[in-house]
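*Asks:* no sequence on this one, just coordinates:
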């Protein structure tokens, strides 16, 4: 379980994250929902130690983060863009003892990626798939994904959704940020809604459908008044 | 092990710019040498025609020519800039490589030392290449003027030891060489500390480089002011000890700062 | 398969199978698709499929033995009950819609009979 406990982050005069706490379970897909600029990415980066929180702590299965077990997939390349997909793979193999080349090869095939392509030549959708393949091939217990669907083509979206409903993701904990929930409504177990740096709702999506007959978008409409 | 692997990736990434720099230096130096030989020969011929035989040329005359000095200046500037760029480039662009580098299962200081080692290897590489280039230039120099029967003065070693920059690069004793390398390393450490402090301010404004710079200027100047104060009261041996201590303090403080900011404060 | 965003997805999966059973597309004792396969085909969360299977087991629509694929129940009464349940549900929806129009039952029955005969009424209501 990923536990985020009372984290705060200030940027210039603005409190970007005000006292946020939530959990994301292993074997489940948890979605951080929020309009643009509500601190979702900052939260993910904070969990990964890419921007230190001013206050609060993050525990993964009760311990400080172990980077062997948690993978981060940003919405852009995390390599110099003149690298080819092959070079990225070689780099990952060098530094991640858990990197699973067979799994990577399978994802490359499923996603129809060309290993000799340079990152700079990839479309947004293909890049998202390459990033995801590199992240999953780390074979992590937890996977953090920042806006994997934003601005990508329909077919890439479909392929990614398919991956999430496959056995490859089984038993992993996934924490995903998005502002376009429609793409993954049927994929997620739990929604955590952020607004102005605070958590406004945290709920099991099937429970909300069952008890209130509401979709995630209905709840978003209530909270964000869109 | 990760240090060596990271080093090899860094070296791979640096090869192209490094070779470009080397090619540039060689073109400037040999181009200028050609011009120098042609120009001096004409000058000598003119003097001889005028019956003025009081002419002697040394290798040092070539080494003190503006284009040669300029080529060394370019190399120094390139290395200083690269010491900054070796960090900044990983924060730049569509692929923020720093995110990968900081989220890998390894100690972040490994990255620090890999980058430091890369810069030091580049510097030593430049020194070695320049040494060979100097030797070749000297051979070209002597054989050309010998061929023209133009008198020359001074040896290769003399030329180096009288040259302001080359005597720093190629001192006559090994211990001096080690000390010079140490000073170069400390300079690089100061640059690294600057970048890491600057990149750590979450509120990245125009003030963050200023603030970062002032911290380091303070660290740099306190021992120097101390020296100005003490220099009249210390005998030679004590001065050596003082300078040695200052170097150790500079190295440890900059590494400590770099480590602290890299591990707990850096913002990507 | 299209889902409704306001109804629990696992219940929609259960309904989907009930219809298949009622229509005889899944017969007593037939093997159910594997949970993994199904999640992937429907592009939904594997946990949701797991929950749907659990619900179907609770309703005794399927039986699962350890480490074997689940099977449709061989209990005829359960299957008959599903069929009547679905018909009841469809009729309830129909009746609710038609009540607003204030039509007498006799007139309604006549109209239904005529449309059935003309064949304009296809099996839209049971397909998905």
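*Replies:* Structure's in. What do you need? Treat the numbers as computed from the prediction; the structure is a model and nothing was measured. Residues are numbered from 1 along each chain as shown, chains lettered A, B, ... in the order given.

*Asks:* CA atoms for contacts and neighbours, from now on please.
*Replies:* OK.

*Asks:* let's verify residue A:31: helix, strand, or coil?
*Replies:* Counting by DSSP: H, G, I helix; E, B strand; the rest coil, the backbone at residue A:31 sits in strand.

*Asks:* what bridges to it?
*Replies:* On the basis of DSSP bridges, residue A:31 takes part in beta bridges with residue A:176, residue A:191.

*Asks:* count the residues that sit near it.
*Replies:* Residue A:31 has 26 neighbours, counted by other C-alpha atoms under 10 Å in any protein chain shown.

*Asks:* hang on, it packs against residue A:191?
*Replies:* Yes - under the contact definition of C-alpha atoms under 8 Å, residue A:31 touches residue A:191, with a separation of 4.9 Å.

*Asks:* what pLDDT is listed against residue 128?
*Replies:* No chain specified, so I'll use chain A. On pLDDT, residue A:128 comes in at 94.

*Asks:* can you look at chain C instead?
*Replies:* For residue C:128, the model assigns a pLDDT of 42.

*Asks:* spatially central residue in chain B, please.
*Replies:* The structure's chain B has its C-alpha centroid closest to residue B:76; by C-alpha atoms, centre = their mean the separation is 4.6 Å.

*Asks:* what sits against the residue of chain C found nearest chain B?
*Replies:* Using C-alpha to the nearest C-alpha, residue C:45 is the residue of chain C that sits closest to chain B, at 28.0 Å. Going by C-alpha atoms under 8 Å, 6 or more residues apart in numbering or on different chains, residue C:45 touches A:164, A:165, A:186, A:187, A:188, A:189, C:39.

*Asks:* contacts (any at all) between chain C and whichever strand or helix holds residue A:155?
*Replies:* Per DSSP states H and E: residue A:155 is located in helix A:154-164. Yes - under the criterion of C-alpha under 8 Å from any C-alpha of the partner chain, helix A:154-164 makes contact with chain C via A:161, A:162, A:163, A:164.

*Asks:* closest one to chain C out of the residues you listed, please.
*Replies:* When those are compared for distance to chain C (C-alpha to the nearest C-alpha), residue A:162 comes out closest, at 5.6 Å.

*Asks:* so that closest one touches residue C:37, yeah?
*Replies:* No - assessed by C-alpha under 8 Å, residue A:162 is found out of contact with residue C:37, at 10.8 Å.

*Asks:* between those two, who's got more neighbours?
*Replies:* Neighbours were counted for residue A:162 and for residue C:37 using other C-alpha under 10 Å; residue A:162 has more, 18 against 15.

*Asks:* check contacts around that one.
*Replies:* C:40, C:43.

*Asks:* 10 Å - rerun?
*Replies:* With contact set as C-alpha atoms under 10 Å, 6 or more residues apart in numbering or on different chains, residue A:162 has these partners: A:156, A:187, C:39, C:40, C:41, C:42, C:43, C:44, C:45.

*Asks:* grab the nearest non-local neighbour of the first one.
*Replies:* Of all residues not flanking residue A:156 in the chain, residue A:125 sits nearest, at 5.5 Å (C-alpha to C-alpha, 6 or more residues apart in numbering or on different chains).

*Asks:* how near is the one you found to residue A:87?
*Replies:* 19 Å (C-alpha to C-alpha, to the nearest Å).

*Asks:* more neighbours: the two, which one.
*Replies:* More neighbours sit around residue A:125 than around the other of residue A:125 and residue A:87, counting by other C-alpha under 10 Å; the figures are 21 against 17.

*Asks:* I'd like to know how far the residue in the stretch 151-268 of chain B that chain C sits nearest to sits from residue B:137.
*Replies:* Sorted by distance to chain C under C-alpha to the nearest C-alpha, the residues of the stretch 151-268 of chain B start with residue B:268, at 32.6 Å. Counting by C-alpha to C-alpha, the gap between residue B:268 and residue B:137 amounts to 47 Å.

*Asks:* need the helices for chain A, in chain order.
*Replies:* Assigned by DSSP state H, chain A shows helices spanning A:40-47, A:85-95, A:101-110, A:124-136, A:154-164, A:205-212, A:216-224.

*Asks:* residue B:268 and residue B:137: which is more packed in?
*Replies:* Comparing residue B:268 with residue B:137 by neighbour count (other C-alpha under 10 Å), the higher total belongs to residue B:268, at 21 against 18.

*Asks:* OK, contacts around that one?
*Replies:* Contact analysis of residue B:268 by C-alpha under 10 Å, 6+ apart lists A:42, A:45-46, A:49-52, B:90-92, B:96-99, B:102, B:199-200, B:202.

*Asks:* buried among those residues? Need that as a selection in ChimeraX.
*Replies:* This is how ChimeraX selects the buried members of the contacts of residue B:268, with burial counted by 16 or more other C-alpha atoms under 10 Å in any protein chain shown:
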select /A:42,45,46,49,50,51,52 /B:90,91,96,97,98,99,102,199,200,202
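
*Asks:* check the contacts of residue B:268 against chain C, which are close?
*Replies:* Checking the contacts of residue B:268 against chain C by C-alpha under 10 Å from any C-alpha of the partner chain, not one of them is in range.

*Asks:* tell me which of the contacts of residue B:268 fall in strands.
*Replies:* With strands taken from DSSP state E, there is no overlap with the contacts of residue B:268.

*Asks:* buried residues, stretch C:4-15. List them.
*Replies:* Under the neighbour-count criterion of 16+ other C-alpha under 10 Å, stretch C:4-15 has C:5, C:6, C:7, C:8, C:9, C:10, C:11, C:12, C:13, C:14, C:15 buried.

*Asks:* if I look at the fifth one, how far off is residue C:15?
*Replies:* Which is residue C:9. When C-alpha to C-alpha is the yardstick, residue C:9 and residue C:15 sit 10 Å from each other.

*Asks:* can you check residue A:156 too?
*Replies:* Separation of residue A:156 from residue C:15 (C-alpha to C-alpha): 30 Å.

*Asks:* how about residue B:68?
*Replies:* With distances defined as C-alpha to C-alpha, the gap from residue B:68 to residue C:15 amounts to 85 Å.

*Asks:* now the residue nearest in space to the middle of chain C, what's its secondary structure?
*Replies:* By C-alpha atoms, centre = their mean, chain C has its centre lying nearest to residue C:19, at 2.6 Å. Under three-state DSSP, the three-state class of residue C:19 is helix.

*Asks:* may I ask you to confirm that it is in contact with residue C:86?
*Replies:* Yes - with contacts defined as C-alpha atoms under 10 Å, residue C:19 counts as touching residue C:86 at a distance of 7.4 Å.

*Asks:* near chain C, which residues of chain A?
*Replies:* Taking C-alpha under 10 Å from any C-alpha as the test, the list of chain A residues beside chain C reads A:27-29, A:158-171, A:182, A:184-189, A:205-218.

*Asks:* drop anything exposed from those residues.
*Replies:* Neighbour counting by 16+ other C-alpha under 10 Å classes A:27-29, A:159-166, A:169-170, A:184-189, A:205-206, A:208-210, A:214-217 among those as buried.

*Asks:* run a quick neighbour tally on whichever residue of the stretch 101-250 of chain B sits closest to chain A.
*Replies:* Of all residues in the stretch 101-250 of chain B, residue B:105 sits closest to chain A, with a separation of 4.8 Å (C-alpha to the nearest C-alpha). Neighbour count for residue B:105, taken as other C-alpha under 10 Å: 17.

*Asks:* how close does it get to chain C?
*Replies:* According to C-alpha to the nearest C-alpha, to the nearest Å, residue B:105 and chain C sit 30 Å apart.

*Asks:* confirm that that residue sits in a strand.
*Replies:* No - judged by three-state DSSP, residue B:105 forms no part of a strand; its state is coil.

*Asks:* isn't it right up against residue A:70?
*Replies:* Yes - the pair residue B:105 and residue A:70 qualifies as a contact (C-alpha under 10 Å) at a distance of 9.5 Å.

*Asks:* before we move on, back to that, overlap in contacts, residue A:162 and residue C:37.
*Replies:* Between them, residue A:162 and residue C:37 share the contacting residues residue C:43, judged by C-alpha under 10 Å, 6+ apart.
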